[in-house]
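1. Sequence and predicted structure, then a few things I'm wondering about:
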Amino acid sequence: MLAISGMFFLCFGLLCPCFHTRRKDASEDPVLAKDMNSTGSSEMRSDSDRTPRISFRVPPSPSRFSPSPRSSAMGPLHLTLEQITKITQNFSPALKVGEGAFGIVYKGKFPDGQVVAIKRARQEYCASLQAEFSNEIALLTTIEHRNLVRLLGYVDEGNERLIVAEYVPNGNLREHLDGQRGNILDFSQRLEIAIDVAHGLTYLHLYAEKPIIHRDVKSSNILLTKNLRAKVADFGFARTGPTDQSHVKASVKGTFGYVDPEYLRTYHLTPKSDVFSFGILLLEVLTARRPVDTNTRRSLDERVTIRWAFNKYNQGRIREILDPRLQEVVNEEVLKKIFDLAFQCAAPTRHDRPAMKEVVEQLWEIRKEYGKSHRRAEAIR
């Protein structure tokens with residue numbers, strides 16, 4: 001995770017090809033106009049994790065936008081360092097499950113059997129990360145959704161800053177795209193993951209107690225359950241957004257390659273900044289390429305994924321954009337629609353980007369069309 005300064009504005013021309021996109025009228029909301037009553041249960045009880053590997057049906061209701069019921073087993077608790085030291089066996093390297101720029105993630109198990117993830121800030125960063133730590137605690141305490149990692153507790157003691165969250169056992173999306181977790185994700189699984197992330201972001205933007213902008217949507221911050229349901233993690237850079245259609249003034253933070261170029265230029269942060277990051281993420285999911293490829297053997301246009309993909313798209317060479325490890329032949333119209341959506345989200349200016357709510361609706365329609373085309377193909381065989 002890298003804090004991005006204004007100097008990266010120089011890369012705007014590389015990251016964003018110049019194109020204009022279609023926008024759906026935000027008032028056309030036939031699906032989400034329905035009742036938003038919450039159904040389902042906490043991910044910790046795994047009820048929301050029972051989605052088949054290939055799912056062609058649209059969810060029966062839009063209830064996945066609304067919060068999942070808060071588990072009564074353990075709310076956000078101010079824990080002690082002694083408790084965490086005990087369940088991590090004094091932060092044993094054997095229990096390390098992840099590592100980022102500012103900290104290490106450990107796996108722990110409470111006496112009642114509950115497995116948790118503990119994010120421990122590196123001590124050299126503790127002072128500088130105090131604001132991010134307090135921010136993450138404040139925001140995570142207010143949100144509850146099956147596609148967002150849930151806060152369970154925290155430690156703020158001396159020079160230790162630790163966050164205790166639900167344990168998501170199947171690594172992050174980037175690891176799966178790199179083939180580090182065994183089987184290569186098929187197209188249906190990638191589509192479901194994109195829908196899950198879009199649901200989580202829609203909840204943050206529209207249905208949280210206050211609008212929340214994540215500011216660091218990227219593949220390594222998308223965690224996967226055993227059944228490949230996606231959960232958005234790491235709210236250290238998140239902040240509350242505007243309650244109207246305006247923006248908030250904010251210093252630029254995020255990860256290079258995913259940051260909204262308009263936010264980078266103007267310091268005007270809106271929910272559409274997350275939409276841009278989601279567009280880049282969607283391209284990453286489909287191509288398995290990172291937003292910026294460091295392979296110097298490739299040309300500059302090839303090394304910037306959005307530029308490379310957009311050029312291929314304009315040349316009608318859509319299938320060449322897909323991850324070459326995908327064995328499945330996906331209907332051309334389905335590919336056109338999902339890549340078109342990715343480019344809409346990653347438009348250079350926020351006024352050309354759809355809202356996350358619209359993104360979810362379009363993904364649902366793509367999933368329906370994909371299901372129909374898949375069944376037709378199966379019937380021909």
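-> Structure's in. What do you need?

2. where's residue 208 relative to residue 233, distance?
-> Per C-beta to C-beta, to the nearest Å, residue 208 is found 16 Å from residue 233. For the C-beta atoms, the positions are set from N, CA and C on the backbone; glycine is no exception.

3. Revised request: answer the last question for residue 148.
-> Between residue 148 and residue 233 the distance is 8 Å, computed by C-beta to C-beta.

4. Which one's more surrounded, residue 208 and residue 233?
-> Between residue 208 and residue 233, counted using other C-beta atoms under 10 Å, residue 233 has the larger neighbour count: 24 against 18.

5. For the more buried one, give me its contacts.
-> Counting by C-beta atoms under 8 Å, 6 or more residues apart in numbering, residue 233 touches 149, 165, 168, 172, 221-223.

6. got it, and residue 185?
-> Neighbouring residues of residue 185 by C-beta under 8 Å, 6+ apart: 176-177, 193, 228.

7. Output the contacts of residue 233 in TSV; the columns should cover secondary structure, distance to residue 188 and pLDDT.
-> Compiled in TSV, these are given as follows (DSSP: H, G, I helix; E, B strand; the rest coil; distance: C-beta to C-beta, whole Å; pLDDT from 0 to 100):
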residue	secondary structure	distance to residue 188	pLDDT
149	coil	23	94
165	strand	28	92
168	coil	20	96
172	strand	20	96
221	helix	22	95
222	strand	17	97
223	strand	19	97
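
8. Kindly indicate which of those residues lies nearest residue 335.
-> Among the contacts of residue 233, residue 222 lies closest to residue 335 (C-beta to C-beta), at 21.7 Å.

9. ok, the closest one - how many residues close by?
-> If we define neighbours as other C-beta under 10 Å, then residue 222 has 27 of them.

10. Now the closest residue to it other than its chain neighbours. Its backbone dihedrals?
-> Nearest residue to residue 222, sequence neighbours excluded (C-beta to C-beta, 6 or more residues apart in numbering): residue 173, at 4.0 Å. Phi and psi for residue 173, reported as degrees, to the nearest 10, are phi -60, psi -40.

11. contacting residues for residue 173?
-> Contacts for residue 173 (C-beta under 8 Å, 6+ apart) come out as 193, 219-220, 222-224, 230, 285.

12. quick one on the thing from earlier: go through the contacts of residue 233 and name the one nearest residue 251.
-> Residue 251 lies nearest to residue 221 out of these, by C-beta to C-beta, at 19.5 Å.

13. Give me the distance between the closest one and residue 165.
-> Relative to residue 165, residue 221 is positioned 12 Å away (C-beta to C-beta).

14. same check, this time on residue 184
-> For residue 184 relative to residue 165 (C-beta to C-beta), the value is 28 Å.

15. Who has more neighbours out of those two?
-> For residue 184 versus residue 165, neighbours defined as other C-beta under 10 Å are more numerous around residue 165 (24 against 16).

16. And that one, how far from residue 93?
-> As for residue 165, its distance to residue 93 is 20 Å (criterion: C-beta to C-beta).

17. Any stretches of the stretch 251-381 of the chain with poor pLDDT?
-> Within the stretch 251-381 of the chain, the segments meeting pLDDT under 70 span 381.

18. Just the strands from it, written as ranges.
-> 268-269 (DSSP state E, counting those that start in this stretch).

19. and what of the stretch 51-200 of the chain?
-> For the stretch 51-200 of the chain, the strands defined by DSSP E, counting those that start in this stretch cover 77-78, 96-99, 103-109, 115-121, 151-157, 160-166.

20. Turn those strands into CSV, including distance to residue 299.
-> CSV is the format used below for the strands of the stretch 51-200 of the chain (distance: least, C-beta to C-beta, whole Å):
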stretch, distance to residue 299
strand 77-78, 53
strand 96-99, 32
strand 103-109, 36
strand 115-121, 38
strand 151-157, 44
strand 160-166, 41
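
21. Deepest-packed of those, please.
-> For those, the largest average neighbour count (mean count of other C-beta atoms under 10 Å) is found in strand 160-166, namely a mean of 23.

22. tally of neighbours for the closest residue in space to residue 289 that isn't next to it in sequence?
-> Leaving aside its chain neighbours, residue 289 sits nearest to residue 305 (4.7 Å; criterion: C-beta to C-beta, 6+ apart). Per other C-beta under 10 Å, the neighbour tally for residue 305 reads 23.

23. Also residue 373?
-> Around residue 373 there are 17 residues (other C-beta under 10 Å).

24. Where do the domain boundaries of this structure fall?
-> 6-67+170-380, 77-166 (automatic domain parsing).

25. For the last one, measure first residue to last.
-> Using C-alpha to C-alpha, to the nearest Å, the end-to-end distance of domain 77-166 comes out at 13 Å.

26. Which helix in the protein has the most residues?
-> Longest helix in the chain by number of residues (criterion: DSSP state H): helix 356-380.

27. my read: residue 152 touches residue 166, true?
-> Yes: contact criterion C-beta atoms under 8 Å: residue 152 and residue 166 qualify, at 6.3 Å.

28. anything in contact with each of those two?
-> With C-beta under 8 Å, 6+ apart, residue 152 and residue 166 have common neighbours residue 116.

29. count of neighbours near the closest residue to residue 239 other than its chain neighbours?
-> Using C-beta to C-beta, 6+ apart and skipping the chain neighbours, the partner closest in space to residue 239 is residue 213 (6.0 Å). Per other C-beta under 10 Å, the neighbour tally for residue 213 reads 27.

30. isn't residue 213 right next to residue 268, touching?
-> No: taking contacts as C-beta under 8 Å, residue 213 lies outside contact range of residue 268: 11.4 Å.
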